[in-house]
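K.L.:
How does the following fold in three dimensions:
(2 chains)
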Amino acid sequence: MTRKKWLLLILVVILALTGCATKATTSRTVPTSNEINPSHGLQVHFIDVGQGASQLIIGPTGKTILIDAGNNDQEKVVVTYLKQQKISRLDIVIGTHPDADHVGGLDAVIDSFEIGKVYMPKIQSNTKTFEDVLIAIKNKGLKVSTAKAGLILDWEPGITVNMIAPVEQSKDTNEMSAVVHLTYGNVAFLFTADAEAKSEQAMLDSKVNLKSDVLMVGHHGSDSSTTQAFLDAVQPSLAVIQVGKDNKYGHPKKTILDRLRASGVTILRNDLLGSIVVTSDGNEIATGTIKLNSTSTAVLDPEPEPTVVYNSCAEVRAAGKSPLHRGDPGYSTKLDRDKDGIACE
Amino acid sequence: MRISHEGEMDGMKGIVDRFEGEFVVIEIEGQTQDIEKSVVHESVKAGDCVVLVEGIWETDEAETTDRSAKVKGLMEELWED
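P.N.:
Purely as a prediction, here's the structure:
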């Protein structure tokens, strides 16, 4: 099937304050945030986390993958988004690289959902943000598998999930980005995180299959990524750019937008559209966007956590809840004198 | 203390998350902020613990060493391969 034959539908779904959806109707129905139906096939959500990245993948049988979770200050947005998708378990969590705009929200995600396997490249960041992610993993009794080229991730039958980068060890966190190539029937997706020119070249040299219908554009559309050679190998029909409105870095760069347009690629951007959903039955792709009403963060958090406050560790012990871990109801830094994420040890 | 840059004060501490174009992204009290390269010492690298001295962010070598060792230890504990 040629790409030209593909049906590309745009659906704009505006979630009203009440959470009910109004649809701009087209000739075909695309699943929306509150219409999860396994028979619809594969769903890929490019969650609007402002200047950062987060992708949720839901397979035909309901298995899930979360790639990144935006910046620290976006963690509520991501957790709420996942809850709205009726997610209770993430079978695979990938922290593509330890930069704060990618892994920042992962600690809250790990605290909030049942987690299967965790993949992260073996490269360190010294931020508290990254440390918090590690502490959340530790508190949950999970381990981390090294993200690297050559891994075949065990996920859904009929869907191939290959990790194709990092190919080489680098001191640059972006170049250590985990890159995922997912194939479902005749359709393929490429999730590139912040891989830059050097990693793109390493992927090209590794002769791995890069061809993808949907490309998540590398590094938020920075001109350090999406080299012409890489784009030529991927040959996407649709490009998604995860980028924040009016970001200081000038992402996406005009050079990259021009390069994508010259290749005839349709560009969808989170800063212009909000969260973007791409669905596929393995033959065709369809796209839709979800705009959460952003007038109040309260709208994004319909299920507030129950408030539990302990005034002292004596109260915690009396309640039989000690020790408290960061993320537990009632945990506070006030009770955690050494600030190691465990209170009333 | 004196105000040096966008309300930041001498003695403030941070950890460098990454470099992004003309900015150095520094985590201050758990939140990342975009700091112009012009007020960050040229020897500062990603992962450094930094302190604001007379309006310029400089590496605190001792704190960087301690912090690197701490996070490295956590990673060694958690990675299974």
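
K.L.:
make it CA atoms for all contacts and neighbour counts henceforth
P.N.:
Noted.

K.L.:
leaving aside the residues next to it on the chain, what's closest to B:Glu36?
P.N.:
Excluding the flanking residues, the one nearest B:Glu36 by Cα to Cα, 6 or more residues apart in numbering or on different chains is B:Phe23, at 4.7 Å.

K.L.:
Then A:Asp107?
P.N.:
A:Val133 (4.5 Å).

K.L.:
Which residues outside the strand or helix carrying that neighbour are in contact with it?
P.N.:
Assigned by DSSP states H and E, A:Val133 falls within helix A:128-139. Residues outside helix A:128-139 that contact it (Cα atoms under 8 Å, 6 or more residues apart in numbering or on different chains) are A:72, A:98-100, A:103-104, A:106-108, A:110-111, A:143, A:325-326, A:341, B:27, B:30, B:71, B:74-75, B:78.

K.L.:
Kindly recompute the last result at 6 Å.
P.N.:
Here helix A:128-139 makes contact (Cα atoms under 6 Å, 6 or more residues apart in numbering or on different chains) with A:104, A:107.

K.L.:
same check, this time on stretch A:113-123
P.N.:
By Cα under 6 Å, 6+ apart, the list of residues contacting stretch A:113-123 from outside reads A:88-96, A:144-147.

K.L.:
which of those residues count as buried?
P.N.:
Restricting these to buried positions leaves A:89-96, A:144-147, with burial counted as 16 or more other Cα atoms under 10 Å in any protein chain shown.

K.L.:
With respect to A:Asp194, which of these is nearest?
P.N.:
For these, the minimum distance to A:Asp194 (Cα to Cα) is 8.2 Å, reached by A:Thr96.

K.L.:
Can you report phi and psi for the closest one?
P.N.:
A:Thr96 has phi and psi values of phi -60, psi -40 when expressed as degrees, to the nearest 10.

K.L.:
Test my guess that it contacts A:Ala178.
P.N.:
Yes. Counting by Cα atoms under 6 Å, A:Thr96 does reach A:Ala178; the two are 4.6 Å apart.

K.L.:
per-residue confidence for residue 22?
P.N.:
Reading this off chain A. The predicted local confidence for A:Thr22 comes out at a pLDDT of 28.

K.L.:
hmm, I had chain B in mind actually
P.N.:
With respect to pLDDT, B:Glu22 has a value of 94.

K.L.:
what's the neighbour count on it?
P.N.:
Using other Cα atoms under 10 Å in any protein chain shown, B:Glu22 has 14 neighbouring residues.

K.L.:
Over to A:Asp205?
P.N.:
A:Asp205 is surrounded by 10 other residues when neighbours are defined as other Cα under 10 Å.

K.L.:
which residues in the chain form helices?
P.N.:
Using chain A here. When assigned using DSSP state H, the helices of chain A occupy the ranges A:75-84, A:100-103, A:106-112, A:128-139, A:197-205, A:228-234, A:254-262, A:270-273, A:313-318.

K.L.:
oops, I was thinking of chain B
P.N.:
Per DSSP H, chain B has helices spanning B:61-78. These are given in chain order.
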